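Visitor: Sequence plus predicted model, see below.
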Amino acid sequence: MNGPIDSAVGHVVTSGTFNLDGGSFDVDNNVWIVGDDSEVFVIDAAHDAVAIAAAVGDRRVKAIVCTHAHDDHVNQAPALADRFGAPILLNPAEMVLWDMTWPDRKPDQELADGQVLSAGGVDLRVLQTPGHSPGSSCLYAPELGVVFTGDTLFQGGPGATGRSYSSFDTIIESIRTTLLTLPGDTQVRTGHGDSTKIGDEAPHLEEWIRNGS
């Protein structure tokens, strides 16, 4: 399983800040570059457009795909979209957050639940998973056995829900009914921190619920 994943999924860690509700927090973000030697998707264009562009190289960028619109996940989306002539894709329920960072620049296309995006021989199925934010989306590549979860699911639990436009009950429902129905050996590529597997996280759902948010 790791062979196809390694050849199709590139990874850049970028550093910057996350800003919301008057707070500013230092963060390291995972930026995922998915496709082949000819064309790719960039998932969550965070902090460092130069480093992301270097990782892309001379490949065609099919789209800049945003799992959600917190500023640390979209602050380089317009720069990379302009550089590569690529559209920005975002669930429309995220516009309240997008507009905080980019009031004068709109995404180019909408992400919808069940939509399939294809680049470089990789199909990504959009899974709408609200909770961390109103229109959070995950991207599932069944042939690779990988899901890109943004800030919905991490190693050790769900994404944060203590800030504006988030809901603990909603994120738990999204994880329970959507992510935990994926095969247990599905690799989880997260928006921050280490990767995990669906099967490693599923047994802890009730514990997360008890601990609340």
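Guide: Nice, I can see it.

Visitor: For R176, give me its contacts.
Guide: L205 (Cβ atoms under 8 Å, 6 or more residues apart in numbering). In short, each C-beta sits where N, CA and C put it, glycine included.

Visitor: So it, which state does it fall into?
Guide: Assigned with DSSP: H, G, I helix; E, B strand; the rest coil, R176 falls in the helix class.

Visitor: distance of it from G156?
Guide: 16 Å (Cβ to Cβ, to the nearest Å).

Visitor: could you point out which element follows the helix or strand of the chain with the lowest mean pLDDT?
Guide: Comparing every helix and strand of the chain by mean pLDDT, DSSP states H and E singles out helix 2-8 as the least confident one, with a mean of 76. Later in the chain than helix 2-8, the nearest helix or strand by DSSP states H and E is strand 9-20.

Visitor: in the helix or strand just after that following strand, what's buried?
Guide: Downstream of strand 9-20, the next assigned helix or strand under DSSP H and E is strand 23-35. Of the residues in strand 23-35, 27, 29-35 count as buried by neighbour count, 16 or more other Cβ atoms under 10 Å.

Visitor: Mind giving me the packing neighbours of the helix or strand just after strand 23-35?
Guide: Counting by DSSP H and E, the next helix or strand C-terminal to strand 23-35 is strand 39-43. Packed against strand 39-43, as judged by 3 or more Cβ pairs under 8 Å, 6 or more residues apart in numbering; DSSP states H and E, are the following elements: strand 23-35, helix 49-56, strand 60-65, strand 116-119.

Visitor: Between strand 23-35 and the helix or strand just after the shortest one, find me the angle.
Guide: In other words, strand 116-119. Following strand 116-119 in sequence order, the next helix or strand is strand 122-128 (DSSP H and E). If you take axes from the mean of the first three to the mean of the last three Cα atoms, to 10 degrees, strand 122-128 sits at 140 degrees to strand 23-35.

Visitor: how many degrees apart are the helix or strand that comes right after strand 122-128 and strand 39-43 in direction?
Guide: Using DSSP H and E, the next helix or strand after strand 122-128 towards the C-terminus is strand 137-141. Between strand 137-141 and strand 39-43, the angle comes out at 150 degrees (the same axes, to 10 degrees).
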